[in-house]
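*Asks:* Only the shape, not the letters, is given here:
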């Protein structure tokens with residue numbers, strides 16, 4: 001599962017060859033795991049693994065109950081905003097991901113509503129705003 005939060009972007013999976021009760025919380029940015037683990041008060045408890053050959057370089061491997069506690073921390077952050085993209089724009093650790101999140105949102109929007117072309121409209125409007 002992919003999860004985009006104010007703490008970071010994560011891929012959460014179970015892996016073949018590991019116990020089914022173990023959950024891998026993976027990310028491209030170590031800082032995303034640090035932010036989440038700090039918020040959960042688990043930074044010194046869950047070791048962050050680094051594998052530069054993996055598709056996600058950083059991860060914590062935890063049991064299902066520990067995953068639930070991290071997921072609760074992520075879900076609690078929803079209280080901070082009424083619009084995720086607007087909030088990310090002002091978030092010091094996440095604002096660089098805004099354009100990617102907007103593109104993902106637009107692609108899904110276009111898939112759901114094929115008669116519209118959100119991404120084309122978005123790019124035209126973005127160019128206009130950058131020129132002014």
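*Replies:* All right, it came through fine. Bear in mind that the values here come from a model prediction, so they are computed numbers and not experimental data.

*Asks:* Outline the domain layout of the protein.
*Replies:* Listed domain ranges for the chain are 2-79, 84-131 (source: automatic domain parsing).

*Asks:* Okay, now stretch 30-47: how far is its last residue from its first?
*Replies:* 11 Å (C-alpha to C-alpha, to the nearest Å).

*Asks:* low-scoring stretches of this protein, by residue?
*Replies:* 117-132 (pLDDT under 70).

*Asks:* And the helices in it?
*Replies:* 30-39, 64-76, 84-89, 98-112, 118-131 (DSSP state H).

*Asks:* Can you say which of these is nearest to residue 3?
*Replies:* helix 64-76 (6.4 Å; C-beta to C-beta). Using the backbone N, CA and C atoms, a C-beta is placed for each residue, glycine as well.

*Asks:* Residue 32: how many residues sit nearby?
*Replies:* Around residue 32 there are 21 other residues, counting by other C-beta atoms under 10 Å.

*Asks:* In this structure it contacts residue 9, no?
*Replies:* Yes: if you go by C-beta atoms under 8 Å, residue 32 and residue 9 touch, sitting 6.2 Å apart.

*Asks:* Show me whatever sits in contact with both of these two.
*Replies:* Common contacts of residue 32 and residue 9 (C-beta atoms under 8 Å, 6 or more residues apart in numbering): none found.

*Asks:* Could you say which of the domains of the chain is packed most deeply?
*Replies:* Across the domains of the chain, averaging neighbours per residue (mean count of other C-beta atoms under 10 Å) puts domain 2-79 on top, at a mean of 16.
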